[in-house]
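Engineer: Just a sequence and a predicted model for now, questions to come.
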Amino acid sequence: MALKKRALTLTAAVALATAISTLLVPQAWGAKYKVLHAFGKGGDGAGLWGSLLLDSKGNVYGTTVAGGEYGGGTAFELTPQPNGSWAEAVLYGFCSKPECTDGGGSTAGLTSDAAGNLYGTTQSGGAHVYGTVFELTPQSNGTWVETVLYNFPIPGGGCCPYGGVAIDKSNNLYGATYSAFELSPGSNGWTATVLHNFTGRHGDGSGPYAAPILDAAGNLYGTTEHGGYSKGCGGGCGAIYELSPRPGGKWKETILFGFQTDGAFPGVGALALDRAGNLYGTTTSGTIFKLTPGTDGHWKFTVLYIVADEPAAGVVIDKSHNLYGTTINGGDYGCGDIYKLAPGPKGKWTYTVLHSFTGADGCQPDANLILATAKATSTAPPRPAAPAVRASPSSSRRRLFCFPAILPVLPAVHRLGDDLQAAPILLSNPPGFA
């Protein structure tokens, strides 16, 4: 990967940041950090890489790539308590079975279905040691049961998924390895289908590290770190692709854009899709971009802003079309920033740093932010075993969560408050869908 290598540590933290004013006055943003949970104690995992999942009760779900009781990482839940603290629970410890046949080393965030079941991937372990797609199912006694839905490799389709999965209304799962794949549930288990093999030739992309996203029509959108039309960048500068379902179960791939001089190497964060069908994303070379569909079937690519500090994560969108994201370098302390990009007159966008990581409160965030309502992030009463998956449409106050990658410093999950009335988010949607 073109992204910088990161060393794992056994220490990580989850921290809270609150705003002293609104996002309408960016200069008034301030951050007061409170450690909610420090990982690496009691077998609860270490190495935070994927995006978080938030339910309407304010509970947070995620994975760690290492640590845990068995050393293969964990799936965890953080629950807000009446006294302001947060309780951490390990939902599952990977590699609990011999030879890690249950999977290990998850670098992906979790996805939820309407019943509250969680889905994710592991890069290693499983029956063939090349990773898994798994499901976590809540039980009436408060425990969770893990089921391996698929063991990689997919014949002719690759292995070792870095990103997570998207889920449609029929509970089909979509992800990417060397190929884009679909997992469909049936009476005899789950069936894997290769939708497209990324070759890196003739303009096709290669290296789809980010999870794909779904639109309402069932089309998939994603990025590849290499390939595309450019002959530079040592194997291509990357591409943006669309996969569209066709009659007879076939899928058609269309390269919407191939990076050349307008950015290179899309990062590990998923694309964002607004309600008008525009796509937004970032490249690690420093561009924040928008892709607009045209009536003639062509897409217009626009660089919204150039950042010097390597935005590896994608962006999220609020109701006012402000974009929020993170960088893994730069800032006051060299550990990256959380930023806001606001649209203005004549197509100009204003870039504002909301927070600079110090190293003590986090460093080099890789995963996409998520938007959440204040109601969803308030203290939650005891919840049923199956978590809700919709944010309340009546809520008006939003929060930002981010999930940095692990470094030999103290990374963190942060919450930043604002007064923006962003549209509710279906948590079962893939990361980045607004």
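Structural biologist: Sure thing, it's come through.
Engineer: Correct me if wrong: Trp251 contacts Leu195.
Structural biologist: Yes: under the criterion of C-beta atoms under 8 Å, Trp251 makes contact with Leu195 at 4.3 Å. All C-beta atoms are positioned from the backbone trio N, CA, C, and that covers glycine.
Engineer: Need the residues touching each of these two.
Structural biologist: Counting by C-beta atoms under 8 Å, 6 or more residues apart in numbering, the contacts common to Trp251 and Leu195 are Ala180, Leu243.
Engineer: So between these two, which is more surrounded?
Structural biologist: Leu195 (22 against 17; other C-beta atoms under 10 Å).
Engineer: Tell me the secondary structure at that one.
Structural biologist: strand (DSSP: H, G, I helix; E, B strand; the rest coil).
Engineer: Repeat that for the one 4 residues further on.
Structural biologist: For Thr199, the reduced secondary structure class is coil; criterion used: three-state DSSP.
Engineer: quick one: it from Glu225, how far?
Structural biologist: Relative to Glu225, Thr199 is positioned 14 Å away (C-beta to C-beta, to the nearest Å).
Engineer: low pLDDT regions in the protein?
Structural biologist: 1-35, 372-434 (pLDDT under 70).
Engineer: so where do the helices sit in it?
Structural biologist: Counting by DSSP state H, no segments of the chain form helices.
Engineer: Give me the most central residue, it.
Structural biologist: By C-alpha atoms, centre = their mean, the chain has its centre lying nearest to Ser51, at 3.8 Å.
Engineer: In this model Asn368 seems to touch that one, though I could be wrong.
Structural biologist: Yes: using C-beta under 8 Å, Ser51 is in contact with Asn368, at 4.8 Å.
Engineer: residues in contact with Ala312?
Structural biologist: Leu3, Gly267, Val268, Gly269, Thr282, Thr284, Thr326, Thr327, Ile328, Pro365, Asp366.
Engineer: What of Ser285?
Structural biologist: By C-beta under 8 Å, 6+ apart, the neighbours of Ser285 are Gly263, Ala264, Phe265, Glu310.
Engineer: would a markdown table of these with neighbour count and distance to Ala180 be doable?
Structural biologist: Shown next, in a markdown table, are the contacts of Ser285 (neighbours: other C-beta atoms under 10 Å; distance: C-beta to C-beta, whole Å):
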| residue | neighbour count | distance to Ala180 |
| --- | --- | --- |
| Gly263 | 22 | 22 |
| Ala264 | 22 | 21 |
| Phe265 | 25 | 19 |
| Glu310 | 22 | 26 |
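Engineer: any idea which of those residues is closest to Val60?
Structural biologist: Glu310 (25.9 Å; C-beta to C-beta).
Engineer: Just to check, that closest one is in contact with Thr287?
Structural biologist: No: at 10.7 Å, Glu310 does not count as touching Thr287 under the criterion of C-beta under 8 Å.
Engineer: Name whatever forms a beta bridge with Pro245.
Structural biologist: Trp251 (DSSP bridges).
Engineer: Could you give the number of residues near it?
Structural biologist: 15.
Engineer: thinking again about what came up before, more neighbours, Thr199 and Glu225?
Structural biologist: Legend: neighbour count by other C-beta under 10 Å for Thr199 and Glu225, higher for Glu225 (29 against 13).
Engineer: Disregarding flanking residues, what is the spatial nearest neighbour of the more buried one?
Structural biologist: Leaving aside its chain neighbours, Glu225 sits nearest to Gly207 (4.1 Å; criterion: C-beta to C-beta, 6 or more residues apart in numbering).
Engineer: I'd like to know how far that neighbour sits from Thr122.
Structural biologist: Distance from Gly207 to Thr122, by C-beta to C-beta: 19 Å.
Engineer: Same question for Gly222.
Structural biologist: 20 Å.
Engineer: same thing with Ala264?
Structural biologist: In terms of C-beta to C-beta, Ala264 sits 29 Å off from Thr122.
Engineer: got it, and Thr74?
Structural biologist: 11 Å.
Engineer: Identify the contacts common to these two.
Structural biologist: The contact lists of Thr74 and Thr122 share Phe94, where a contact means C-beta under 8 Å, 6+ apart.
Engineer: Buried ones in stretch 114-134, by neighbour count?
Structural biologist: 116-126, 129-134 (16 or more other C-beta atoms under 10 Å).
Engineer: And stretch 99-110, by the same measure?
Structural biologist: For stretch 99-110, by 16+ other C-beta under 10 Å, it's Cys100, Thr101, Asp102, Gly103, Gly104, Gly105, Ser106, Thr107, Ala108, Gly109, Leu110.
Engineer: didn't the second one look like it was pressed against Ser124?
Structural biologist: No: if you go by C-beta under 8 Å, Thr101 and Ser124 don't touch, sitting 11.2 Å apart.
Engineer: Overlap in contacts, the two.
Structural biologist: By C-beta under 8 Å, 6+ apart, no residue touches both Thr101 and Ser124.
Engineer: my guess is Thr74 contacts Tyr92, does it?
Structural biologist: Yes: here Thr74 reaches Tyr92: they are 6.6 Å apart, a contact under C-beta under 8 Å.
Engineer: Next one: Gly104 from Ser206, what distance?
Structural biologist: From Gly104 to Ser206 the distance is 26 Å (C-beta to C-beta).
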